[in-house]
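In: model this:
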Amino acid sequence: MAFFSRKINTAEFASAQVKAAAGVGISGIPPMYAWSSGTFEQIALSLPTVSRARDLISSTIASLEFMQYVKQWNGVNYEMIHVPNETWMENPDPKVPRQFILANTVTDLLAMQPTVVQ
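Out: Next up, the predicted model:
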């Protein structure tokens, strides 16, 4: 049938300038660094105990409140004065909950392993 035999063309980058602006290297890897998860990390996260520990750490840190303080001199010593939070501290991305963003950030920071690509 003609319906199933049609070829669908996928979108591609138009030129080398567009690829360079997008940060795509020759082999599709960013030119300077590639952030990857190692084999040992994948093996460790396949264990339920390690995976649950990582999830507990990231969700605990994500549930903590941000509190901003400034120091003010009162003539004898410095006092710590609480300052109301800025909007990005309350909700970094309005599309998703704050705890989701922070838990994913902590998880990514725990797993980052920089490798230099030449």
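In: rest of the way, CA atoms for contacts and neighbours
Out: Noted.
In: following the lowest-mean-pLDDT helix or strand in the chain, which helix or strand comes up?
Out: Within the chain, no helix or strand scores below strand 33-35, which has a mean of 50 by mean pLDDT, DSSP states H and E. Using DSSP states H and E, the helix or strand that follows strand 33-35 in sequence is helix 39-45.
In: what's the following helix or strand after that following helix?
Out: Taking DSSP H and E, what comes next after helix 39-45 is helix 48-63.
In: what ranges do the helices span in this protein?
Out: Along the chain, the segments classed as helices by DSSP state H run 2-5, 16-22, 39-45, 48-63, 87-90, 98-111.
In: which one of these lies closest to Tyr69?
Out: Nearest of the helices of the chain to Tyr69, taken as C-alpha to C-alpha: helix 87-90 at 13.2 Å.
In: Contacts for that closest one, please.
Out: The contact list for helix 87-90 (C-alpha atoms under 8 Å, 6 or more residues apart in numbering) reads Phe66, Arg98.
In: how does it look with 7 Å?
Out: Phe66 (C-alpha atoms under 7 Å, 6 or more residues apart in numbering).
In: Please apply the same query to stretch 54-64.
Out: Here stretch 54-64 makes contact (C-alpha under 7 Å, 6+ apart) with Gln99, Leu102, Ala103, Val106, Thr107.
In: Run a quick neighbour tally on the second one.
Out: So that's Leu102. Residues near Leu102, counting by other C-alpha atoms under 10 Å, number 20.
In: State the distance from it to Ile61.
Out: 8 Å (C-alpha to C-alpha, to the nearest Å).
In: The closest residue in space to Asn104 that isn't next to it in sequence - how many residues pack around it?
Out: Nearest non-adjacent residue to Asn104, counting by C-alpha to C-alpha, 6 or more residues apart in numbering: Ser58, 7.5 Å away. Using other C-alpha under 10 Å, Ser58 has 22 neighbouring residues.
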